[in-house]
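Undergrad: pasting a predicted model and its sequence here:
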2 protein chains.
Amino acid sequence: MDDQADLLDLDCFLPYRLAVIAARVSKAMSVLYAEKFGISIAEWRVIAHLAGSGRVSIRDIHARVNLDKVKVSRAVSRLEEAGLVLKASNAADNRLLDITLSDEGWSVYRQIVPLASGFEADLLSALDDTERAALERVFEKLHARLDENVEAARSLYPKV
Amino acid sequence: MDDQADLLDLDCFLPYRLAVIAARVSKAMSVLYAEKFGISIAEWRVIAHLAGSGRVSIRDIHARVNLDKVKVSRAVSRLEEAGLVLKASNAADNRLLDITLSDEGWSVYRQIVPLASGFEADLLSALDDTERAALERVFEKLHARLDENVEAARSLYPKV
DNA sequence: TCATGATCATTACAAATGAAATGAATGTCA
DNA sequence: TGACATTCATTTCATTTGTAATGATCATGA
């Protein structure tokens, strides 16, 4: 009876549950475009971001899309080879790239959007309004709490 | 104004949001044990499962812990090298392994549990009761919906 | 102006990953 | 019993991944 207190049930453990549901959703989602368009999850994120952001650099994408900088660089290169993305050097700063969707990139994007939206709508339709609203707040609050932890760590190891 | 309808805001897209929060939480969590005990996320999952399940095979762990079978096999091998896990062959079926935590494995587990529980409690304390309850239902309902999709796919491509 | 440091994208390299193949053990059924 | 298929764990191999350089460009300040 005191032994139980020292045990941790993985099935009820929040980090594990989040990882499992996120992996399942990502996997199910990627089935919609992976085979049909030959696009990875990282590449889809890049495309989706480009569609909403005009011409941006690798660094911009990296900062906005929660992907490693190297991963973005490679995803953009593959997309360029596939003809979905155009690279140009930034006139004002030659270190930067101006990355945009090509016509074909837009075309692919427009084909994926209804699939993605439909998939999401299907998931969300399983929830009622209060659950959707609560989930919204959960995202915000968890991020806020994680931000606090980052801040706390920063104050422990300042200015490295 | 009709253009907007075809756009998809990644920041509001459920699969993306789940992936981001799960990755952040997993990362923050793994910091607690990765460096200190030299254990990966997969290895932590194996240990946590062994602590609650007595002697089990690779296949059992694979089925219960949402990890690739090969990944489990490798995680168990590394844990055995590190002395945290014991491998024995199953008396009734020589294809199976009986995998258990060693004394040191238990020791490591007991050290990690309070860290993990504390981390989780810290996250959950950011939420109120209704949000925690809603999150619980969200997990259930999303899994149920994804199960339905699997069933639907199975009926499209039967008995392959 | 020009030396030093910062920033950006890419490359190099080692480690991790996953799909398919392998080998050993068991189940099945004529 | 014995051929054949299945199951389990591991290995193989090609690909992906992330960390740490690299090279190129820009910013800063003496």
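TA: Right, received. Where do you want to start? What you are looking at is a predicted structure, and each value in this text was computed from that prediction instead of being measured. Residues are numbered from 1 along each chain as shown, chains lettered A, B, ... in the order given.
Undergrad: residue A:110 against residue B:6, yeah?
TA: Yes - in this structure, residue A:110 is within contact of residue B:6 by Cβ atoms under 8 Å, at 6.0 Å. Glycine gets a C-beta too; all of them are placed from N, C-alpha and C.
Undergrad: what comes up buried for the helix or strand harbouring residue A:28?
TA: Take DSSP states H and E as the rule and residue A:28 turns out to sit in helix A:14-31. For helix A:14-31, a neighbour-count test (16 or more other Cβ atoms under 10 Å in any protein chain shown) marks A:14-22, A:24-26, A:28-29 as buried.
Undergrad: got the angle for it vs helix B:14-31?
TA: Here the directions of helix A:14-31 and helix B:14-31 differ by 140 degrees (axes from the mean of the first three to the mean of the last three Cα atoms, to 10 degrees).
Undergrad: what angle separates the longest helix anywhere in chain A from helix B:14-31?
TA: Counting residues, the longest helix found in chain A (DSSP state H) is helix A:129-156. Orientation of helix A:129-156 against helix B:14-31 (the same axes, to 10 degrees) gives an angle of 40 degrees.
Undergrad: helix A:129-156 near chain B anywhere?
TA: Yes - judged by Cβ under 8 Å from any Cβ of the partner chain, helix A:129-156 and chain B are in contact via A:130-131, A:134-135, A:137-139, A:141-146, A:149.
Undergrad: want to try CSV for those residues, with pLDDT and neighbour count as columns?
TA: Listed next are those as CSV, based on pLDDT from 0 to 100; neighbours: other Cβ atoms under 10 Å in any protein chain shown:
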residue, pLDDT, neighbour count
A:130, 96, 12
A:131, 97, 21
A:134, 97, 22
A:135, 98, 21
A:137, 98, 16
A:138, 98, 21
A:139, 98, 15
A:141, 97, 17
A:142, 97, 22
A:143, 96, 16
A:144, 96, 10
A:145, 95, 17
A:146, 94, 18
A:149, 82, 15
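Undergrad: and which of those is nearest DNA strand C?
TA: Of all the residues of helix A:129-156 next to chain B, DNA strand C sits closest to residue A:146, with 21.3 Å by Cβ to the nearest atom of the strand.
Undergrad: the closest one is in contact with residue B:24, isn't it?
TA: Yes - the pair formed by residue A:146 and residue B:24 meets the contact definition of Cβ under 8 Å, at 5.4 Å.
Undergrad: okay, now the unreliable bits of chain A?
TA: A:1-5, A:154, A:156-160 (pLDDT under 70).
Undergrad: try it again at 90.
TA: Scanning chain A for pLDDT under 90 picks out A:1-6, A:35, A:54, A:148-160.
Undergrad: residue A:134 touches residue B:135, doesn't it?
TA: Yes - contact criterion Cβ under 8 Å: residue A:134 and residue B:135 qualify, at 6.8 Å.
Undergrad: show me the contact partners of stretch A:104-112.
TA: Stretch A:104-112 has contacts (Cβ atoms under 8 Å, 6 or more residues apart in numbering or on different chains) with A:32-33, A:37, A:39, A:44, A:47-48, A:50-51, A:79, A:83-86, A:101, B:6.
Undergrad: what about burial for the residues you listed, which qualify?
TA: Judged by 16+ other Cβ under 10 Å, buried ones among the contacts of stretch A:104-112: A:32-33, A:37, A:39, A:44, A:47-48, A:50-51, A:79, A:84-86, A:101.
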